[in-house]
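In: quick check, what structure comes out for this input:
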Amino acid sequence: MTADDLAALSERAAGIVSGGGGLKALAQALADAAHGAVLIEDDQWRHLAAAQARGSGRVPASFAPWYKPAASVNGRLARATVEGLHALCAPLPVSGGNGESVPGYVTLFERAKPSTLAAAAVRIIASAAGIELARRSGGRPQARRAFWERYIAGELSDHSSLKEEAGAAGVSLPAAFLAAVFDVEGALPGSARDAVAQAIAPADGVCPLAQTSSQVVALFPMRHAADVSRARQAATNAVRDVPAQAAARSVTCGIGAYHSDILEGPRSLDEGKHALALGRRLYGRGSVTLYSDLGVYALLHAGGERDAFLDFAETQLAPLVQYDRKHKTDLVKTLRLYFDIGENVKEAAERLSVHRHTIFYRLNQIAQILKVDLRAPKDQLSLRAALAIYQMEHEDA
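Out: Numbering: from 1, shown residues only. As a prediction, the model looks like this:
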């Protein structure tokens with residue numbers, strides 16, 4: 001790339017912006033000028049546009065895992081080698097310089113080592129993309145912040161108003177949200193939020209609020225309960241990787257329970273805060289704790305009322321009760337008897353008039369259905385409490 005090429009790229013970028021050509025056209029302009037591949041992403045590393053010149057190679061999925069502000073040049077460019085390609089990444093400029101996180105990133109991938117002019121080209125397109133993105137969203141950044149603040153505070157109590165305000169703010173809503181809270185100790189607020197956002201981006205997680213303390217709030221979009229494991233893995237990766245990226249002493253995470261209704265997102269966030277506090281006490285710093293794994297500990301910590309205790313018991317035993325009804329088995333009865341007689345398999349077999357191997361088989365079934373370890377004190381405590389509550393409320397128990 002020559003100085004004339006750089007000037008021509010500047011003129012082309014100005015023409016694209018003035019003519020409303022869009023981010024795709026800007027990405028293609030840089031790809032053609034640098035003979036490489038270009039990726040434009042938003043502040044959560046989600047793809048906005050991609051382009052590549054002939055022979056440049058495939059555009060890698062995302063630059064996020066390699067973006068290290070500490071390795072930047074003059075605080076504006078990060079360099080790396082990704083999948084055999086040399087890469088330059090520049091953040092889109094922040095309007096007003098008010099300390100907010102950057103609105104997105106432009107990354108150039110080249111087979112040859114990038115030149116100084118290539119670095120300047122990336123910054124030119126990043127500036128143009130920032131203008132284009134700001135014009136596209138108009139006043140939406142403020143609207144998005146207001147929407148997320150109201151949503152997380154639980155102020156949107158019906159689906160119609162939720163969808164209406166989300167649409168006005170340009171926010172796409174999933175079926176539900178799973179909330180997580182990361183406590184990033186020792187890091188600067190802005191760098192902590194950005195580092196967490198990068199770490200959870202592969203699971204489509206977002207950090208919608210500005211960080212005001214050591215805690216970073218994250219939301220994971222959910223289609224069904226099985227997506228929880230993906231969010232948990234992303235949180236585990238963040239706890240492992242963020243300390244080095246954000247120069248933090250430690251990162252601890254609490255994850256709320258899954259609720260199928262998107263209006264329950266604030267409830268999941270409250271549960272995530274409880275999980276964070278309890279997980280740090282029970283398992284120490286650097287842990288990832290799911291609210292649903294805490295069992296009766298979470299209930300006692302929250303100081304639940306009668307309805308909360310009933311809901312806890314129903315939730316704990318529901319898979320087993322449903323299995324018994326469907327298959328005409330007696331697993332709930334077997335579990336209660338097993339605990340009542342001091343976990344004596346021989347006596348349980350005699351009382352139920354079955355072989356002791358049948359008791360072992362049933363106990364293994366129970367453990368698999370409830371996803372618990374019947375020998376673990378924590379799981380036993382939760383199940384014993386759930387059985388006691390369930391029995392008090394069901395005459396036929």
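
In: hmm, Asp241 is touching Ala199, no?
Out: Yes: between Asp241 and Ala199 there is a contact under C-beta atoms under 8 Å: 5.4 Å. C-betas here are computed from N, CA, C, even on glycine.

In: the more surrounded of these two?
Out: Higher neighbour count among Asp241 and Ala199: Ala199, with 27 against 16, using other C-beta atoms under 10 Å.

In: looking at this, the more buried one is in a helix?
Out: Yes: judged by DSSP: H, G, I helix; E, B strand; the rest coil, Ala199 forms part of a helix.

In: what sits against it?
Out: When contacts are counted by C-beta atoms under 8 Å, 6 or more residues apart in numbering, Ala199 touches Ala234, Asn237, Ala238, Asp241, Val242, Gln245.

In: and the two most separated of those?
Out: Ala234 and Gln245 (14.5 Å; C-beta to C-beta).

In: which parts of the chain are strands?
Out: For the chain, the strands defined by DSSP state E cover 37-42, 47-52, 78-82, 85-91, 104-110, 176-185, 215-222, 250-255, 288-290.

In: out of the ones you listed, which comes closest to Gly22?
Out: Of all those, strand 47-52 sits nearest to Gly22, with 7.5 Å by C-beta to C-beta.

In: and stretch 22-35, which residues are buried?
Out: For stretch 22-35, burial by neighbour count (16 or more other C-beta atoms under 10 Å) applies to 22-23, 25-35.

In: low-confidence bits of the stretch 151-300 of the chain, can you list those?
Out: 189-190 (pLDDT under 70).

In: ok, for the spatially most central residue of the chain, nearest residue in space, not its chain neighbours?
Out: With distances taken as C-alpha atoms, centre = their mean, the residue of the chain nearest its centroid is Gly205 (3.2 Å). Distances taken as C-beta to C-beta, 6 or more residues apart in numbering put Phe220 closest to Gly205, at 4.7 Å, once the chain neighbours are dropped.

In: who does that neighbour bridge with?
Out: Leu178 (DSSP bridges).

In: can you report how many residues lie near it?
Out: Neighbours around Phe220, by other C-beta under 10 Å: 26.

In: my guess is it contacts Ala234. True?
Out: Yes: at 7.3 Å, Phe220 counts as touching Ala234 under the criterion of C-beta under 8 Å.

In: mutual contacts of the two, please.
Out: Ile200, Ala203, Gly205.

In: any chance of the residues you listed in JSON lines, plus distance to Leu108?
Out: Compiled in JSON lines, the shared contacts of Phe220 and Ala234 are given as follows (distance: C-beta to C-beta, whole Å):
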{"residue": "Ile200", "distance to Leu108": "25"}
{"residue": "Ala203", "distance to Leu108": "26"}
{"residue": "Gly205", "distance to Leu108": "26"}
